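A.B. asks: coordinates only, sequence not included:
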């Protein structure tokens, strides 16, 4: 049995791992082809991750031009404890006010779960939903 098959998470384990994390690293592609990486708070919906940001932020500009992203969630304080999930995603920017309102409510609820101070999603203007196309764990 290969090492990879021993450590690969099941789909259910991935969903649970995502739900237990607070921060995701979002990687988008800048116009010059270089990666742009940022940590983001997020709302999980199964294996879908939803985030909010400013409409003119670099990540939002990148996603409007190229709606592909890679997301990384990780944990572990030493090498033997290191675990992570990498999701290669197709991103949908949420322009529908009703979907944005739903995400705002979910973000506030998640903020309370993690005791985040002043989530302030009402001031954000870009909302995105990342659906994983390929998964690596």
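C.D. replies: Great, that's in hand. Please read all numbers here as calculations on a predicted model, not as lab measurements.

A.B. asks: wait, is residue 37 part of a helix?
C.D. replies: No - Residue 37 is assigned strand when assessed by DSSP: H, G, I helix; E, B strand; the rest coil, not a helix.

A.B. asks: which non-adjacent residue is nearest it?
C.D. replies: residue 27 (4.8 Å; C-beta to C-beta, 6 or more residues apart in numbering). For every residue, glycine as well, the C-beta is placed using N, CA and C.

A.B. asks: residue 82 too?
C.D. replies: Nearest to residue 82 is residue 76, by C-beta to C-beta, 6+ apart, at 3.7 Å.

A.B. asks: same check on residue 58?
C.D. replies: Per C-beta to C-beta, 6+ apart, closest to residue 58 is residue 36, 5.6 Å.

A.B. asks: contacts only, for that neighbour.
C.D. replies: 27, 28, 29, 30, 58, 59, 62 (C-beta atoms under 8 Å, 6 or more residues apart in numbering).
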